[in-house]
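Enquirer: Here is my input, please return the structure:
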Amino acid sequence: MNQITPEKYVDAFISSIIVYDQEDRGLKYPSETLVRLFKGNYIPNLQKDKSGLKILDVGCGNGNNTVFFKSIGFDAYGVEIDQEIIDYLNKKFNTAGVSFRQGLNSKLPFEDNTFDFLVSWNVIHYEGNHENILRALEEYKRVLKPSGRVLISTTGLDHKILENVESVRPHEYKIGVKSDPRCGQTHYFFETKEHLQEMTERYFQEIHIGEIYNDLFSSKLYSLLVTGQK
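Expert: Numbering: from 1, shown residues only. The predicted model follows:
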């Protein structure tokens, strides 16, 4: 199977965000896990009052999580890979008080020490290789304020997207699900919680590791979680 070109992937991704949203097939609600984490007592020493705090939603998709962050008091910002998506989101949410900008995991359009929180929800694995993962983590750290908190979710190995994958290098797998727009793209996967902790503690402290597992009859969804502070 040939590697998908960046241009074809971006086109497919734009369709999966904008077209699905317009056809009422996009995500309508925020991640249940994120709601629990920010409104519950799962993260040690998490601030209860979010008013006046800045949060960045990296890889914000159709904005479903970004708008949730705004609703609980955050000054909320989102970034996505393509300007067409950004224009669509800014028009869609023009009265919601959130701001969307074009950016990448490894190139965020903000100054150093800008955010109190950064959420990277199921996007860092798109970086594809070890070196790019480290660049993304370093960039996350750069835009966080001192003691700012990062919260990352990333696909684990017991997940439906890993069906028919091809191993490229250690931790790097070429997606093989033909019906998926990401088919042919190489993703980076953390094989274990220990692997995720070792990588993130290079840049953050007070690391906590978790996991999410759902068996939805015909599909398994498995993600690893990590939070830490700058």
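Enquirer: where in this structure is pLDDT low?
Expert: For the chain, the stretches with pLDDT under 70 are 1-9.
Enquirer: in it, which spans are helices?
Expert: 6-14, 20-22, 32-39, 64-71, 83-92, 130-143, 193-200 (DSSP state H).
Enquirer: pull the CA atoms of the fifth one into CSV?
Expert: Taking Å, rounded to 0.1, in the frame of the first residue of the first chain, the C-alpha atoms of helix 83-92 are listed here in CSV:
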residue,chain,number,x,y,z
GLN,A,83,-7.2,27.3,7.2
GLU,A,84,-10.4,26.1,5.5
ILE,A,85,-11.3,24.3,8.8
ILE,A,86,-10.4,27.4,10.8
ASP,A,87,-12.6,29.7,8.7
TYR,A,88,-15.5,27.3,9.0
LEU,A,89,-15.1,27.1,12.8
ASN,A,90,-14.8,30.8,13.3
LYS,A,91,-18.0,31.3,11.3
LYS,A,92,-19.8,28.5,13.0
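Enquirer: Now do the buried residues in it.
Expert: The neighbour-count check on helix 83-92 (16 or more other CB atoms under 10 Å) flags 85-86, 88-90, 92 as buried. Placement of C-beta: from N, CA and C, glycine included.
Enquirer: re earlier: so which of the helices of the chain is the most surrounded?
Expert: With neighbours taken as mean count of other CB atoms under 10 Å, those reach their highest mean count in helix 64-71, at a mean of 21.
Enquirer: partners of the spatially most central residue of the chain in the sheet?
Expert: Taking CA atoms, centre = their mean, the centroid of the chain lies closest to Trp121, which sits 2.6 Å from it. Legend: beta-bridge partners of Trp121 under DSSP bridges are Ser153.
Enquirer: That one and Phe69, how far apart?
Expert: Distance of Trp121 to Phe69, computed by CB to CB, to the nearest Å: 11 Å.
Enquirer: could you measure the closest residue to Thr155 other than its chain neighbours against Val10, distance?
Expert: Distance criterion CB to CB, 6 or more residues apart in numbering; nearest residue to Thr155, sequence neighbours excluded, is His125 at 5.3 Å. The gap separating His125 from Val10 is 17 Å, by CB to CB.
Enquirer: Understood, closing this out.
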